[in-house]
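**Student:** take a look and give me a structure for this.
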Amino acid sequence: MYEMKDDLCGILLTEDQIESLVKKVASEIDRDYDGSGRDLLLLCILKGSVVFMGDLMKKLKRPAEIDFMKVSSYSGTETRGKVDIILDLHRSSLHNTDIIIVEDIVDSGNTLNYLTGYLRLKGAESVRCATLLDKPSRRKVNFTPDYTGMVIPDHFVVGYGLDYNEKYRNLPYIGILKPEIYLEAHN
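**Tutor:** Down below sits the predicted model:
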């Protein structure tokens with residue numbers, strides 16, 4: 001019988017390790033926004049970040065609203081360098097609102113660099129980024145997340161919301177996908 005784990009060449013992060021990283025990010029956010037007096041909005045970038053955001057918001061000690069955006073900047077495993085907003089943030093005002101963009105992984109940085117500027121133009125008091133995983137070796141623009149669970153090497157990772165062609169999101173841990181799985185699609 002086929003199991004998704006058969007497509008992996010290793011486990012990068014266990015469930016317990018992920019939980020520790022989420023707690024770390026939540027405590028840093030609580031520290032930085034303690035007593036700010038402004039609204040805090042966690043903005044989940046669909047689809048991959050939904051698992052991370054669900055766990056992150058449960059670990060925060062301060063009140064936070066949630067909302068969602070859906071953007072696209074990838075075709076297969078490669079960034080196109082262009083960001084398309086598929087589902088936008090619709091709020092009458094972002095006055096007095098601090099936004100934390102919640103992302104599963106920062107790779108090229110194109111999407112988050114674009115969204116940070118876009119949300120500032122929409123009137124947010126501040127815009128920061130929280131990511132579970134950061135791959136700075138793949139960066140194409142000058143972008144650094146404000147909150148990072150862990151910096152990882154340049155592996156194609158799946159699980160805990162991360163996918164390849166919409167598969168593997170439901171793995172409770174983060175695994176390294178065997179290269180032959182995603183390289184077959186490019187041949």
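**Student:** which residue is the nearest non-sequential neighbour of the most centrally placed residue in the chain?
**Tutor:** The centre of the chain sits closest to E103, judged by CA atoms, centre = their mean, with a distance of 1.5 Å. Once flanking residues are discounted, E103 sits nearest to T131: 4.5 Å by CB to CB, 6 or more residues apart in numbering. Quick note: C-beta positions are derived from backbone N, CA and C, even for glycine.
**Student:** check I66 too.
**Tutor:** L42 (4.9 Å).
**Student:** whichever strand or helix holds the one you found pairs with which strands, and in what direction?
**Tutor:** Take DSSP states H and E as the rule and L42 turns out to sit in strand 39-46. Applying DSSP bridges, strand 39-46 is found paired with strand 65-75 (parallel), strand 97-106 (parallel).
**Student:** what's the least confident stretch among those strands?
**Tutor:** Among the strands paired with strand 39-46, strand 65-75 carries the lowest mean pLDDT, a mean of 85.
**Student:** ok, and for it, which residues are buried?
**Tutor:** Going by neighbour count (16 or more other CB atoms under 10 Å), the buried part of strand 65-75 is 68-69, 71, 73.
**Student:** pull the longest helix from this structure.
**Tutor:** Using DSSP state H, we find that the single longest helix of the chain is helix 15-33.
**Student:** for it, name the packing helices and strands.
**Tutor:** In terms of contacts (3 or more CB pairs under 8 Å, 6 or more residues apart in numbering; DSSP states H and E), helix 15-33 is packed against helix 50-59, strand 126-134, strand 147-151.
**Student:** most packed of these?
**Tutor:** Across the helices and strands packed on helix 15-33, the average number of neighbours (mean count of other CB atoms under 10 Å) peaks for strand 126-134, which reaches a mean of 23.
**Student:** and the angle from it to strand 147-151?
**Tutor:** 20 degrees (axes from the mean of the first three to the mean of the last three CA atoms, to 10 degrees).
**Student:** can you list contacts of strand 126-134?
**Tutor:** Outside strand 126-134, the residues that touch it by CB atoms under 8 Å, 6 or more residues apart in numbering are 18, 21-22, 25, 29, 42, 52, 56, 98-106, 112, 115-116, 119-120, 145-152, 157, 160, 162, 174.
**Student:** what is the rounded mean pLDDT of it?
**Tutor:** 98.
**Student:** roughly how far apart are M57 and V102?
**Tutor:** 9 Å (CB to CB, to the nearest Å).
**Student:** if we can go back for a sec, what pLDDT does the residue nearest to I66 get?
**Tutor:** Reported pLDDT for L42: 98.
**Student:** how about it: which residues does it bridge to?
**Tutor:** I66, I100.
**Student:** what about it, how many residues nearby?
**Tutor:** Residues near L42, counting by other CB atoms under 10 Å, number 20.
**Student:** who's in contact with it?
**Tutor:** Counted by CB under 8 Å, 6+ apart, L42 has contacts 53, 56-57, 64-67, 100, 102, 130.
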